[in-house]
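Engineer: What follows is a predicted protein model with its sequence.
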Amino acid sequence: MIRKECWCRSTQVLGEERQMQLYEFQAKKIFEQNGISIPRGRMAQTALEAEGIAEELGGIVVIKAQVLTGGRGLAGGIRFAQGPEQAHKIAEEVLSTQVKGEQPRAVLVEEKLQASHELYCGVTYDFRQKSPIVMASFRGGVDIEAVAKENPQNVARRLLDPFKGFSPFMGREMAAEIGLQGNVALQYANAMARLWCIFEKHDAELVEANPLAITGDRLVALDAKLNLDDKSITRQSDLMRSIQPLPSDQKDSLQHRRSRARELGIPTYIEMQGNIGVVADGAGTGMLTLDLVNDFGGRTGVYCEMGGETTAGLMENTMKAVLSVSSTRVVLVNLIGGLNRMDEMAKGIVSYLKKHRTSVPIVVRMSGTMEEEGRRILSGERIQTHDNLYEAVEEAARLAR
């Protein structure tokens with residue numbers, strides 16, 4: 001899978017958390033809706049369901065753990081079954097075993113197709129060139145990053161003008177460049193155009209078919225990846241409603257908390273590995289705060305950015321989201337009042353505390369519009385405010401230790 005480049009120290013910390021990665025069965029459904037062939041199969045939550053699907057499909061089936069981690073095959077998350085009984089046994093084993101630290105809650109049971117060759121096809125974003133890029137390779141089913149690094153001549157690339165998009169002739173050129181001919185080349189060019197359509201329509205950061213297999217006289221996506229930009233989730237509300245969720249009994253799962261944050265109207269919600277909950281009202285403020293937390297020896301556990309014109313209600317919801325994470329030992333709030341009024345921010349914090357009493361300390365740094373009134377409101381709840389950001393971050397790091 002192609003990884004996006006990061007711009008600065010803070011975004012290196014955030015990394016892929018800014019992407020919403022879909023499970024394979026979800027991505028394949030979108031592929032199918034956009035005219036890309038996929039194998040016959042369905043998702044199973046239990047070994048008994050897997051056995052029933054295998055019986056319907058007949059022949060050899062593949063059992064694929066539905067996890068977001070890469071390298072499933074080498075980790076035992078992709079296995080083949082010769083029939084329904086073996087599918088039951090293998091599905092039971094896969095569902096009860098962690099795959100690279102992630103516990104599968106479902107498996108995808110599909111027909112095993114005979115492929116004469118496996119290709120690669122993908123669209124992502126080149127942050128260095130600040131442009132979408134389409135990539136093709138005759139070598140599919142392997143780590144395309146390794147292929148691009150070790151044998152760059154085996155990967156065809158085209159940077160795209162986002163205003164002009166992807167043209168059919170580009171697909172035919174790239175198909176010929178990787179050695180395809182005839183009907184296969186035309187199908188491959190068509191598949192590339194459809195991947196670009198998905199990428200553009202759904203605000204994706206990555207969409208790829210790897211492998212895109214030649215099976216008889218057609219091309220079939222044996223695996224599918226689709227990562228969406230978290231920032232676009234509101235605009236992609238129709239898509240999100242259409243995606244079948246992964247069955248889960250984990251009410252406190254990361255996926256559940258992310259979904260809840262979106263429902264609460266929080267534009268950016270990212271979890272990391274520390275114990276400090278950071279709340280900021282803008283991207284620049286947030287990046288600076290994250291860097292300073294690290295500089296003072298602290299570790300951010302959850303980061304919420306409210307952005308734009310923030311209301312007291314959104315401030316209250318953001319506190320709810322940050323304090324719902326069990327690892328949060330201190331909340332650091334950094335607010336700058338331009339469009340946002342500090343008295344409204346303070347009212348949001350106080351409103352949360354009146355409804356949900358907490359022993360977690362809250363450190364607030366606020367500056368700008370109506371800051372004196374904001375401090376007066378917070379002082380009524382015995383919340384100390386700071387003028388100096390460095391002092392606030394140092395205090396939060398000390399409390400977290």
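Structural biologist: Nice, thanks for sending it over. Numbers count the residues shown, from 1 in each chain.

Engineer: State which strand of the protein is the longest.
Structural biologist: strand 204-215 (DSSP state E).

Engineer: Check what contacts it and list those residues.
Structural biologist: 1-2, 4, 19, 27, 31, 36, 113-125, 140-141, 144, 184, 188, 191, 195, 198-199, 219-229 (Cβ atoms under 8 Å, 6 or more residues apart in numbering). Just so you know, the C-beta spots here come from the backbone N, C-alpha and C atoms, and that holds for glycine as well.

Engineer: same thing but 6 Å
Structural biologist: 19, 113, 115-125, 140-141, 195, 198-199, 219-229 (Cβ atoms under 6 Å, 6 or more residues apart in numbering).

Engineer: May I have the strands that pair with it, each with its orientation?
Structural biologist: Strand 204-215 pairs in its sheet with strand 117-126 (antiparallel), strand 218-221 (antiparallel), strand 224-229 (antiparallel), by DSSP bridges.

Engineer: quick one: which of these is nearest residue 320?
Structural biologist: Across the strands paired with strand 204-215, residue 320 has its closest neighbour in strand 224-229 (24.3 Å, Cβ to Cβ).

Engineer: Dump the closest one to CSV, keeping only the CA atoms.
Structural biologist: What follows is strand 224-229, C-alpha atoms only, in CSV (Å, rounded to 0.1, in the frame of the first residue of the first chain):
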residue,chain,number,x,y,z
ALA,A,224,-9.3,-3.7,-2.6
LYS,A,225,-8.1,-0.7,-0.5
LEU,A,226,-9.9,2.5,-0.1
ASN,A,227,-8.7,5.2,2.4
LEU,A,228,-10.8,8.4,2.7
ASP,A,229,-9.7,11.7,4.1
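
Engineer: so who does residue 87 touch?
Structural biologist: 50, 51, 54, 61, 81.

Engineer: Tell me which residues of stretch 257-270 come out buried.
Structural biologist: 257, 258, 259, 260, 261, 262, 264, 266, 267, 268, 269, 270 (16 or more other Cβ atoms under 10 Å).

Engineer: cool, stretch 151-169 as well?
Structural biologist: Buried residues in stretch 151-169, defined by neighbour count with 16+ other Cβ under 10 Å: 154, 155, 156, 158, 160, 166.

Engineer: Check residue 253 and give its pLDDT.
Structural biologist: Residue 253 carries a pLDDT value of 64.

Engineer: residues touching residue 114, list them.
Structural biologist: With contact set as Cβ under 6 Å, 6+ apart, residue 114 has no partners.

Engineer: which SS class is it?
Structural biologist: When classified by DSSP: H, G, I helix; E, B strand; the rest coil, residue 114 comes out as coil.

Engineer: tally of neighbours for residue 74?
Structural biologist: Counted with other Cβ atoms under 10 Å, the neighbours of residue 74 add up to 9.

Engineer: Confirm that it lies within a helix, as I assumed.
Structural biologist: No - remark: residue 74 does not belong to a helix; assigned using three-state DSSP, it is coil.

Engineer: between the strands paired with strand 204-215, which gets nearest to residue 104?
Structural biologist: Comparing those against residue 104 with Cβ to Cβ, the closest turns out to be strand 224-229 (16.9 Å).

Engineer: Just checking, which helix or strand succeeds that closest one along the chain?
Structural biologist: helix 237-242 (DSSP states H and E).

Engineer: Quick check: bridge partners of the residue nearest to residue 293 when sequence neighbours are not counted?
Structural biologist: Leaving out its chain neighbours, the residue that sits closest to residue 293 by Cβ to Cβ, 6 or more residues apart in numbering is residue 300, at 5.4 Å. Assessed by DSSP bridges, residue 300 has beta-bridge partners residue 276.

Engineer: Looks like residue 300 contacts residue 276 (just checking).
Structural biologist: Yes - using Cβ atoms under 6 Å, residue 300 makes contact with residue 276 at a distance of 5.3 Å.

Engineer: quick one: which of those two has more around it?
Structural biologist: Between residue 300 and residue 276, counted using other Cβ under 10 Å, residue 276 has the larger neighbour count: 28 against 24.

Engineer: Check what pLDDT the more buried one gets.
Structural biologist: 97.

Engineer: Check the gap between it and residue 328 for me.
Structural biologist: The gap separating residue 276 from residue 328 is 7 Å, by Cβ to Cβ, to the nearest Å.

Engineer: so what sits against both of these two?
Structural biologist: residue 301.

Engineer: if we can go back for a sec, would you mind checking which of the contacts of residue 87 is nearest to residue 338?
Structural biologist: residue 50 (55.3 Å).

Engineer: what about the closest one, which helix or strand?
Structural biologist: helix 47-57.

Engineer: For that helix, name the packing helices and strands.
Structural biologist: Packing partners of helix 47-57 (3 or more Cβ pairs under 6 Å, 6 or more residues apart in numbering; DSSP states H and E): strand 41-44, helix 84-95, strand 107-111.

Engineer: ok, now with 8 Å
Structural biologist: With contacts taken as 3 or more Cβ pairs under 8 Å, 6 or more residues apart in numbering; DSSP states H and E, helix 47-57 sits against strand 41-44, strand 61-65, helix 84-95, strand 107-111.

Engineer: To residue 309, which of the ones you listed lies closest?
Structural biologist: Nearest to residue 309 among the helices and strands packed on helix 47-57 is strand 41-44; the distance by Cβ to Cβ comes to 41.2 Å.

Engineer: returning to what we had before: buried ones among the contacts of strand 204-215?
Structural biologist: For the contacts of strand 204-215, buried by 16+ other Cβ under 10 Å: 19, 113, 115, 118-125, 140-141, 195, 198-199, 219-229.

Engineer: Okay, now the unreliable bits of this structure?
Structural biologist: Counting by pLDDT under 70, the chain contains low-confidence ranges at 1-19, 234, 247-253, 255.

Engineer: could you pull out the helices for it?
Structural biologist: Taking DSSP state H as the test, the helices found in the chain are 9-14, 24-33, 47-57, 84-95, 144-150, 168-177, 182-201, 237-242, 254-263, 283-295, 312-323, 342-355, 371-379, 389-400.

Engineer: buried ones in the second one?
Structural biologist: Of the residues in helix 24-33, those with enough neighbours to count as buried (16+ other Cβ under 10 Å) are 24, 25, 26, 27, 28, 29, 30, 31.

Engineer: The third one against residue 226, yeah?
Structural biologist: Right, the one you point to is residue 26. Yes - counting by Cβ atoms under 8 Å, residue 26 touches residue 226, with 7.4 Å between them.
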